[in-house]
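**Student:** Next input, structure requested:
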Amino acid sequence: MLLPTIADSLAGRMETLTLLPLSQSEIEKQPGNWIDRLFAGQIPMLSTAVIGSALLDRVLRGGYPEVISRDNPKRRTAWANQYIDALIQRDVQDIANIDKLSQLPRFLRALANTAGQMSNYTQLGGNVGLDSKTAARYVGILEQVYLLKRIDVWAKNRLNRVVKTPKLQFLDSGLLAAQLNLTAEEIQLDRTRFGSLLETFVYSELLKLASHAETDCKLMYYRDADQYEVDIVIEHPNGQIIGVEVKAAATVQERDLRGLKKLANLAAQDFKMGVILYDGDETLPLGNSFWVMPVSSLWSHV
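**Tutor:** Numbering: from 1, shown residues only. Presented below is the predicted three-dimensional model:
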């Protein structure tokens, strides 16, 4: 909440709560304690997993109640686009009187096409006629209106977390799908387009789960100079970490563990577990401290 007209900061006398879109746990009226359970060494086991077209439908809807309540995909997309337009035309102007407001929608679409990747503001800004400083400022504003979030890299050296390039992630997969004009039919024809959207969905779910976990966990990512990557790193306050890889496929191969194994070696005793979340229905061990789980285990209560 921004209160520019109030002279008193209200420091110590108010608490600001971040209200995120609904999580799948909230939609299903489940506890939503996946993070706490994994740090406690408990593996969620599903009797029935949400896979295939049913999972795709959840990803395309996201978590905004107005979208969830609409069964028609065109109406859902229309609401999402109108919501973003209203944010840009009204809320962004309330936060900062910015120049070149007409270029912000184009910049947002450029960001949508790089969701889940490291941010190059100079390149993205140049694509829509913005300099790097203006592009960076726009990203900060889009964070303030809760459209996206910058994610820091995980590193043993905490200084490196600050100086290394963050990556951008949208806070709702439904809004991202609308920005990309993605439909279920298009994804079924070209499955490769589902990967980044599913990663956004998983990140959003984990962010919501982390917000009411028993401990104050941080969400980061891992990437090194040798191109080893882990999509999401969950860090416990005691230093333990869980690595999460997201796969849009229904099968998992040995090479999918490449980044998680590198992270495990680097974190050593702080590595609690590595998890591959995939579009499949089995929960299986993949060796010491590595598991494959359905994406829908995130909102399982078993």
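
**Student:** Can you name the residues that contact Gln117?
**Tutor:** Residues counted as contacts of Gln117 (C-beta atoms under 8 Å, 6 or more residues apart in numbering) are 167-168. Any C-beta I mention is one placed from the backbone N, CA and C, and that applies to glycine too.

**Student:** Sorry, slip of the keys, the one I care about is Val252.
**Tutor:** 276, 278, 280, 286, 292.

**Student:** Output the below-cut-off pLDDT ranges for the stretch 51-200 of the chain.
**Tutor:** 94-100, 159-163 (pLDDT under 70).

**Student:** Assign the most centrally placed residue in the chain to helix, strand or coil.
**Tutor:** Among the residues of the chain, Tyr203 comes closest to the average C-alpha position under C-alpha atoms, centre = their mean, at 2.8 Å. Classification of Tyr203 using DSSP: H, G, I helix; E, B strand; the rest coil returns helix.

**Student:** Could you check how far it is from Gln123?
**Tutor:** As judged by C-beta to C-beta, to the nearest Å, Tyr203 and Gln123 stand 23 Å apart.

**Student:** do Ser196 as well
**Tutor:** 18 Å.

**Student:** Just want to know which of those two has more residues nearby.
**Tutor:** Legend: neighbour count by other C-beta atoms under 10 Å for Ser196 and Gln123, higher for Ser196 (23 against 12).

**Student:** which one is that one nearest to, not counting chain neighbours?
**Tutor:** Excluding the flanking residues, the one nearest Ser196 by C-beta to C-beta, 6 or more residues apart in numbering is Gly116, at 4.9 Å.

**Student:** Tell me which residues touch that neighbour, please.
**Tutor:** Contacts of Gly116 by C-beta under 8 Å, 6+ apart are 167-169, 196, 199-200, 203, 231.

**Student:** Just the buried positions in the helix or strand containing Arg137, please.
**Tutor:** Element membership for Arg137 (DSSP states H and E) is helix 132-144. By neighbour count on 16 or more other C-beta atoms under 10 Å, the buried set for helix 132-144 is 134-135, 137-139, 141-142.

**Student:** other SSEs contacting it?
**Tutor:** Here helix 132-144 touches helix 92-95, helix 104-112, helix 121-127, strand 148-151, going by 3 or more C-beta pairs under 8 Å, 6 or more residues apart in numbering; DSSP states H and E.

**Student:** With distance to Gly239 added, can I get the buried residues of helix 132-144 in CSV?
**Tutor:** Compiled in CSV, the buried residues of helix 132-144 are given as follows (distance: C-beta to C-beta, whole Å):
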residue, distance to Gly239
Thr134, 38
Ala135, 34
Arg137, 34
Tyr138, 35
Val139, 29
Ile141, 33
Leu142, 31
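
**Student:** and Thr251, how many neighbours does it have?
**Tutor:** 10.

**Student:** Check the secondary structure at it for me.
**Tutor:** Strictly by three-state DSSP, Thr251 counts as coil.
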